[in-house]
Structure formats: C-alpha cells, structure tokens
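**Student:** return a 3D structure for these sequence lines:
(one chain, ligands or ions: 1)
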Amino acid sequence: MRALLVDRSAPAGLRLGQAPDPVPAPHQALIRVAATSFNYGEIRHGLEEAPDGSVPGWDAAGVVEQAAADGSGPAVGTLVTTLAMDGAWAELRAVDTEWMGTAPAGADPGALSTIPVAGASALRALHRIGPLLGRRVLITGATGGVGRYAVQLARQGGAHVVASTGNPEAHSDALRTLGAHEVIVGPGPKALGTPVDGVVDLVGGSQLVDGYQMLAEHGTLVSVGHATDEREHFPARAFFGDQGGHDRTIASFYLAACTGLTRDLTWLAERVAGGGLDPQISWRGSWDGAAEAAEALLGRHLHGKAVLELD
Ligand SMILES: NC(=O)c1ccc[n+]([C@@H]2O[C@H](COP(=O)([O-])OP(=O)(O)OC[C@H]3O[C@@H](n4cnc5c(N)ncnc54)[C@H](OP(=O)(O)O)[C@@H]3O)[C@@H](O)[C@H]2O)c1
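**Tutor:** Coordinates of the predicted model:
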C-alpha cells in the first residue's frame, strides 16, 4: 500500500512510499483510509520518536474494508473515524474497534478525520470540568485544532466562553463566530478580570500558572496541551486555600488513556456531519502536500486543522 513514511532526509521528515499492508488483530477492523488530519503533537513529538520507514499518524477516516474477526465494531462498508497511535497516514489501517466511531453515510471524510484527537480531547477535557451550564470557562490556545472544538463545545454546553490567543487581531472574529463571548491575550488577571470555573489549557507554562490562579473556588483546570516549552513556576502561596482558593484542581490529561471513546467519536461524527460542529479545516490538499502542511503547523502559520486526502 502507499503510505507516508518517516524519512529524516526528506522535507518535514516525511516521504510518500510503499509499506506492507497491515494485518488486523482479532479485535481490529481494517479501514480503507480516505482522509487523515495532522495534529501538532504528532508532528512535533511523534515524528521525532518514530523510526525511519515507519507509518505514523493518529487520525484517519474511511470505510471498513474488513470487519473485526471477534465480531466487535462496525460492519463492512461503514464510514468511520478512527484513532490510534500510528498507522493513519496510509491507504489501509488496522484499528481497535474501541477506538473508532461510526459516521452517517455520505459524510465528508476530510471533516471526519479532524475529530479523533482534536474533537475527542476537547470533549473529554470539558467533561472533566463538569457541568458547564452557567459556568465561566477559559480555553487557552483556542485558535488550534483542539481549541476550536473546545470553544464550540463549551458554548453548546451552556458556558460563558473566554478564548485566549496570542494574536487577537487575527483570530478574534473567527473565535467569536465559533462561540467565544470574550477573546483575550493570555489568562492573566488583567485580561481575564473575573475568575473562571474551568480552564482547558492547551499551552502550558505561564498560561497554565495564570489560568490556575484565575480559578474560582471548586474550579478545575485540565492540562491538555504543552504547546510551549516554558516551565510552570507557581508563586508562593499559589496552593493556599484561603481568599477564594479553596478546593481548586489541576487535572492532567492523556487522550490515549481514555476509555469508551466509541460513543464520543460517534456523537462528534454525527454533529460534524450534521453541521452542528465546524471542523475548522484551514488547510486541505493531497498527501503530496504533507511537508507543506506539517511545516505550516509547526511554524504557527496554520491555525485549525490540516486535512490530507488520499488520492
Ligand atoms: N494530552 C493529550 O492527550 C493531548 C491531546 C490533544 C492535544 N494535546 C496537546 O494540546 C496542544 C494543542 O493541540 P492542538 O492540536 O490544538 O495544537 P495547535 O493546533 O498547534 O494549537 C495550539 C495553539 O496554541 C498556541 N501556541 C502554539 N505555540 C505556542 C507557544 N509557544 N506559546 C504560546 N501559545 C502557543 C497557538 O495559538 P495562538 O497562535 O493563537 O496563540 C496554537 O493555535 C498541543 O500541545 C498538543 O500536543 C494533548
């Protein structure tokens, strides 16, 4: 099969080549991939760790070519969106049936391919915060793939949504269109004003520290992302519970450790297919353009999702 292979001598460390067809385990279905999307984490860290010649990639959407031998998961011909820690950037992919969601027939595979990492991480992080109705929620790194889903989902959950970006001039209108009530630069007290009940932090460093300090009593910050390499330095007394600081939580997050993702992936796929969620595709093209998309993502020139179609 054709696949994007890790090749450190090629632009962005990726080369279009040939790889052996995957052999599914009994609990895996074989998917014919139609589209895949890039995530910051896999381009920044995943490629560094993958051996030359391997097929990377987390997100892919396509059609079930061979159902799982153990009888789990969808039937042949079902449109699905899938997640795994590798193997997405190829014509065929073997995936655990627990890590796929079904999609309505006729849905756009490109849009579906944006869901697994970005959509499911946003949804699970918001679940961790708890009820959103009438709550004030901050999303840092809101212009990225996860952030754009998080803004939409938090708004749909009934939250007052504050979106943070390093460049509000460029992104304020788009974030407000997605559902943000306020767009700010960084979560410091001056920009944020009133404390928040929940934070989905996609940046880390000083934004995590400032976001935590702006949590109201009983508030939760979910530390999903580490887009910056900055360290987190908490000032003295940051963890004292007086002066409104009682019972505040910082929760770590790892999507691959989440269970029960099928239900969430299917729900997200229905919302995207029905137009209730916008996948925010900002780059779309053939997989010949993989290096261009990867470099744009790393250079912070690409905000939203990059989708590669397998032709
Ligand atoms: N723990 C998990 O399981 C999990 C799951 C999914 C994602 N993640 C992580 O979550 C983060 C966001 O993912 P994503 O796919 O949405 O990434 P993304 O599309 O690159 O978006 C991240 C956003 O953060 C901001 N940003 C980037 N670099 C920054 C820097 N050095 N300093 C401050 N802000 C910066 C940018 O917004 P502005 O340019 O507008 O400021 C960018 O739009 C990544 O670190 C990713 O690895 C983790």
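**Student:** and the longest helix anywhere in the chain, what does it pack against?
**Tutor:** Taking DSSP state H as the criterion, the chain has its longest helix at helix 261-274. Helix 261-274 is packed against strand 79-83, strand 100-102, helix 109-112, helix 120-129, with contacts defined by 3 or more CB pairs under 8 Å, 6 or more residues apart in numbering; DSSP states H and E. Backbone N, C-alpha and C define where each C-beta goes, glycine included.
**Student:** to the ligand, which of the ones you listed lies closest?
**Tutor:** helix 120-129 (3.9 Å; CB to the nearest ligand atom).
**Student:** what parts of the stretch 151-300 of the chain come near the ligand?
**Tutor:** Within reach of the ligand by CB under 6 Å from any ligand atom, the stretch 151-300 of the chain has these residues: 165-167, 171, 202-203, 224-228, 253-255, 300.
**Student:** buried among these? Need that as a selection in ChimeraX.
**Tutor:** In ChimeraX, a selection of the buried entries from those looks like this (16 or more other CB atoms under 10 Å):
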select :165,171,202,203,224,225,226,227,253,255
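**Student:** just flag the most distant two among the residues of the stretch 151-300 of the chain next to the ligand.
**Tutor:** Checked with CB to CB, these reach their widest spread between Asn167 and Tyr254, with 28.3 Å between them.
**Student:** buried sites along the longest strand anywhere in the chain?
**Tutor:** Longest strand in the chain, counting residues (DSSP state E): strand 28-38. Across strand 28-38, burial judged by 16+ other CB under 10 Å covers 28-31, 33-38.
**Student:** mind putting these into TSV with distance to Trp89 and pLDDT?
**Tutor:** As requested, these are exported to TSV (distance: CB to CB, whole Å; pLDDT from 0 to 100):
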residue	distance to Trp89	pLDDT
Gln28	17	98
Ala29	18	98
Leu30	16	98
Ile31	13	98
Val33	8	98
Ala34	12	98
Ala35	11	98
Thr36	5	97
Ser37	10	97
Phe38	9	95
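**Student:** list just the nearest of those residues to Leu14.
**Tutor:** Nearest member of these to Leu14, counting by CB to CB, is Phe38, at 10.2 Å.
**Student:** that closest one and Gly304 touch, don't they?
**Tutor:** No. Counting by CB atoms under 8 Å, Phe38 sits too far from Gly304 to count as a contact (10.7 Å).
**Student:** and the residue in the stretch 201-311 of the chain that the ligand sits nearest to, what does it touch?
**Tutor:** At 2.4 Å from the ligand, Gly225 is the closest residue in the stretch 201-311 of the chain, using CB to the nearest ligand atom. Contact partners of Gly225, counting by CB atoms under 8 Å, 6 or more residues apart in numbering, are 40-41, 141, 144, 146, 201-204.
**Student:** so which of the residues you listed belong to helices?
**Tutor:** 40-41, 146.
**Student:** ok, and the most crowded of these?
**Tutor:** Val146 (28 neighbours; other CB atoms under 10 Å).
**Student:** isn't it right up against Ala227?
**Tutor:** No. Val146 is beyond contact range of Ala227, at 9.9 Å (criterion: CB under 8 Å).
**Student:** what do these two both touch?
**Tutor:** Counting by CB under 8 Å, 6+ apart, the residues touching both Val146 and Ala227 are Leu202.
**Student:** domains of the protein?
**Tutor:** 2-114+279-309, 122-255 (automatic domain parsing).
**Student:** between these, which gets nearest to Glu270?
**Tutor:** domain 2-114+279-309 (6.5 Å).
**Student:** quick one: end-to-end length of the closest one, please.
**Tutor:** Using CA to CA, to the nearest Å, the span of domain 2-114+279-309 from its first residue to its last is 13 Å.
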